[in-house]
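S.K.: quick one: sequence plus predicted model below, questions after.
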Amino acid sequence: MPFSPWTCMGLYTVSCLLDAVDGNAARYFNQCSKFGAVLDMVTDRSTTTCLLCYLSSIYPSWTIVFQLLISLDLSSHYMHMYSSLTAGASSHKKISKSSNRMLRAYYSDNKILFGVCALNELFFVALYLLSFEEDPTFPEWSVFPLYVLAIGSFPICAIKQVINIIQLVGASQNLAKVDVEDRKKAFKSN
């Protein structure tokens, strides 16, 4: 990451694009599984976390923000996945009609899901590449488009964080309901 920005960006982009393809391939070949869904979520979180950790090292005054983003990303996705599995849902992308409208739109429309995720990642990639702006080997022509990309993708990145908060709160509430029901059942059986 510190020495080969374009190679790193290319590999990161390929990884993100493959992530968009693997779920569709699993559905097409009827190979969906809970293990696959969890593995997909874990690899997504790992990839983003690696980039955010690196960003915190090159933008030290923003470290706390990157740490909070990592914490929010990991906790919201873990809680959402665990809540979905606990509730017996066939997929963490199946959102009930009583759930938050923004979360429903995010998970029910693959174009919205892909667009939000892609622009969220592109914001972080743009920040990464802009850290090489002072490097004499870094192409000058790329700086302005990277600033445009960063500024243009920032609002979607912010929306993604709002979705993460909604997802975390909703999953926490769902798990609390399950706990209350389990305790009622246990109390009745005693």
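M.R.: Arrived safely, thanks for sending. Keep in mind that this is a model prediction, so the values were computed, not measured.

S.K.: C-alpha from now on. contacts and neighbour counts both.
M.R.: Fine.

S.K.: after the helix or strand of the chain with the lowest mean pLDDT, which helix or strand is next?
M.R.: Ranked by mean pLDDT, DSSP states H and E, the weakest helix or strand in the chain is helix 5-28, scoring a mean of 86. Downstream of helix 5-28, the first helix or strand assigned by DSSP states H and E is helix 34-58.

S.K.: so for that following helix, what gets flagged as buried?
M.R.: Under the neighbour-count criterion of 16 or more other CA atoms under 10 Å, helix 34-58 has 37-38, 41, 44-45, 48-49, 51-52, 54-56, 58 buried.

S.K.: which member of those residues is positioned nearest L11?
M.R.: Closest approach to L11 among the buried residues of helix 34-58 (CA to CA): L51, at 12.0 Å.

S.K.: from R104, how far out is S98?
M.R.: Applying CA to CA, to the nearest Å, the value for S98 to R104 is 9 Å.

S.K.: comparing those two, which residue is more hemmed in?
M.R.: Between S98 and R104, R104 has the larger neighbour count (other CA atoms under 10 Å), namely 16 against 7.

S.K.: model confidence over the helix ranked longest in the chain, on average?
M.R.: In the chain, with assignment by DSSP state H, the single longest helix is helix 143-189. Averaged across helix 143-189, pLDDT comes to 94.

S.K.: what's the neighbour count on K160?
M.R.: Applying other CA under 10 Å, I find that K160 has 19 neighbouring residues.

S.K.: from now on call the first residue 55
M.R.: Okay, residue one is now 55; in that scheme the one you just asked about reads as K214.

S.K.: separation between it and F89?
M.R.: Distance from K214 to F89, by CA to CA: 25 Å.

S.K.: same question, S196
M.R.: 40 Å.

S.K.: ok, A79 next?
M.R.: According to CA to CA, A79 stands 15 Å off from F89.

S.K.: also D98?
M.R.: In terms of CA to CA, D98 sits 14 Å off from F89.

S.K.: likewise I166?
M.R.: In terms of CA to CA, I166 sits 24 Å off from F89.

S.K.: neighbours around N244, how many?
M.R.: Neighbours of N244 under the rule other CA under 10 Å: 5.
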